[in-house]
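> this is a predicted model, with the sequence first.
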Amino acid sequence: MTIHPYLRGSILQKISNSIFIDIYKRLYKVYGRQHWWPGDTRFEMMVGAILTQNTSWSNVEKAIRNLKKENALSSAEKLLRTNGRTLARLIRPSGYYNVKSKRLRDFAGFLVARYGGDLNMMSRRETGELREELLDVKGVGPETCDSMLLYALNRPVFVVDAYTRRIFSRHKLIDGNAGYHDIQRLFMVNLPADHRLYNEYHALIVRLGKELCRKNPSCERCPLNRLI
DNA sequence: GACCAGGCACATC
DNA sequence: GATGTGCATGGT
C-alpha cells in the first residue's frame, strides 16, 4: 500500500485492511457511480468547492450558472477582474455571498500571483506543497483544499466532510469529535492511494448521507448495516 | 416557521 | 486547544 507523502511521519492507525474497502464496495453496489465532481473545467470545480461550503449543491449550481452567463468563470484573471459587489450579486443563491465573494477573489488572486492563473503550471507541483499553499489562502480550509486537490487535480487525497464524520461515527468507526486530519489519515492508511477510489468513495458517502441519514437517523435501512 | 446543507475565520476563554 | 459565533440562500 502506498502512503501519501504528506502523511509520512504521522502516527498511523491501521484498523483493518478490508472494512474500508468493504464499505466502499457495498456503497458502490447500492448507488453505483456518482460522476463527481460536476464541472466543465478544473477552475470551475475549484470555484464550486468554495461555493459549496456549508451549502447545498443545488444552490451552488444557480450561482455557477450566473457566473458563466457573465463569463466570469472563463479564467482566474477574469474572476479576479470581476468586482466584489458584482461577484456577490452573481453568487447570491449560494448563500454567504459577501464572504464567498471575497474568498473567490482571494483564491483567484492566489492563482494569478502564484501561477499566472495557469492550472497546468499549478498541477506540476507536488501534492504536499500544493496543499500547504492552498491552506494559506483565506477561505480555503481542509475540506475545500482537499476537494480541489482530489477532484480538480486528481491527487489521491481523501476528502472528509460532515457526512463522513456523521456516518462513520454513528457506525462507531471513528470518534465523533475526531479532528479532520485524524479521520483523513484513517481512510488514507486503510485504502490504497488511488484518486479514482477516493473520488468515488467520498461521492458515495455524500450520496448515502443525503439519501438516508437525514430522513432516517435510525438507519435501519442503511446499506452499511450488518457490514460493520 | 424550523431545520438543514458537500465550511471557514475569528474572538474569547 | 477547545468552544462559540457570524456569515445567508433555498429546499423540505
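All right, it came through fine.
> the residue nearest the centre of chain A and A:Asp40, how far apart?
Nearest to the geometric centre of chain A sits A:Ser147, at 2.6 Å (C-alpha atoms, centre = their mean). Separation of A:Ser147 from A:Asp40 (C-beta to C-beta, to the nearest Å) stands at 16 Å. No exception for glycine: its C-beta is placed from N, CA and C like everyone else's.
> pull the longest helix from chain A.
Of all segments of type helix in chain A, defined using DSSP state H, the longest is helix A:97-115.
> rounded mean pLDDT for it, please.
Mean per-residue pLDDT for helix A:97-115: 98.
> and that helix with DNA strand C, contact?
Yes: remark: helix A:97-115 sits within contact range of DNA strand C at A:97-100, by C-beta under 7 Å from any atom of the strand.
> and these as TSV, adding neighbour count and distance to A:Glu220?
Converted to TSV, the residues of helix A:97-115 next to DNA strand C look like this (neighbours: other C-beta atoms under 10 Å; distance: C-beta to C-beta, whole Å):
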residue	neighbour count	distance to A:Glu220
A:Tyr97	18	39
A:Asn98	13	42
A:Val99	13	39
A:Lys100	24	38
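> closest to A:Cys213 out of these?
Taking C-beta to C-beta as the measure, A:Cys213 sits nearest to A:Lys100 out of the residues of helix A:97-115 next to DNA strand C, at 26.3 Å.
> would you mind putting the residues of helix A:97-115 next to DNA strand C into CSV with distance to A:Met121 alongside?
As requested, the residues of helix A:97-115 next to DNA strand C are exported to CSV (distance: C-beta to C-beta, whole Å):
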residue, distance to A:Met121
A:Tyr97, 30
A:Asn98, 31
A:Val99, 28
A:Lys100, 25
